[in-house]
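In: Sequence and predicted structure, then a few things I'm wondering about:
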Amino acid sequence: ILMENNHVFNGDDCVAVNNGAHNVTIRNMVCEGGHGASLSGTNNIVNIHFDNITSRNFLYATRFKSSLNSTGNVYNVTWSNIYVLNATFPIFATSVYFDQNTNRGLTPDNFGPGTKATNITNFSWINVTGTINDMYP
């Protein structure tokens with residue numbers, strides 16, 4: 001799958017790759033006002049490449065999120081040539097995603113023995129440059 005030459009302005013993921021995605025290239029994009037180039041999945045995601053993306057006024061510019069106690073494999077993911085303008089978290093990766101809207105006012109629990117997480121392998125961030133929002137980190 002090739003997705004290219006897009007300009008997205010929204011309040012959530014500029015582009016989101018989810019479970020079951022294979023051999024996806026997303027390139028030459030401008031993203032404004034949300035959560036950036038995101039990988040939001042827990043299983044069977046292989047060979048994903050985000051390239052030449054400008055992220056303006058974002059909370060996250062690049063993001064991987066997976067759920068607690070999820071199982072599965074995500075591998076060979078690259079974010080390259082990402083220009084960040086005013087993002088709070090230019091690079092954000094978590095296997096313990098905690099939805100702040102659903103759980104407003106709460107904090108995640110401690111994660112004890114037996115807690116599971118998605119297996120991630122071969123993740124790369126190459127040439128991520130720009131500015132962060134240090135006013136509201």
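Out: Great, that's in hand. All of these numbers come straight from a predicted model, not from anything done at the bench. Numbering: from 1, shown residues only.
In: Give the helix, strand or coil label for Lys116.
Out: coil (DSSP: H, G, I helix; E, B strand; the rest coil).
In: hang on, I meant Asn69
Out: Per three-state DSSP, Asn69 ends up coil.
In: And for it, the neighbour number?
Out: Applying other C-beta atoms under 10 Å, we find 13 residues neighbouring Asn69. Bear in mind the C-beta positions are built from the backbone N, C-alpha and C, glycine included.
In: How about the one 3 residues further on?
Out: Here the count is done by other C-beta under 10 Å, and Gly72 has 16 residues near it.
In: how close does it sit to Ser80?
Out: Gly72 is 24 Å from Ser80, where distance means C-beta to C-beta, to the nearest Å.
In: Please apply the same query to Val30.
Out: Taken as C-beta to C-beta, the span from Val30 to Ser80 is 16 Å.
In: mind listing what the helix or strand bottoming out on mean pLDDT in the chain pairs with, with the direction of each?
Out: Using mean pLDDT, DSSP states H and E, strand 37-40 stands out as the lowest-scoring helix or strand of the chain, at a mean of 85. Within its sheet, strand 37-40 is paired with strand 15-17 (parallel), strand 45-65 (parallel), according to DSSP bridges.
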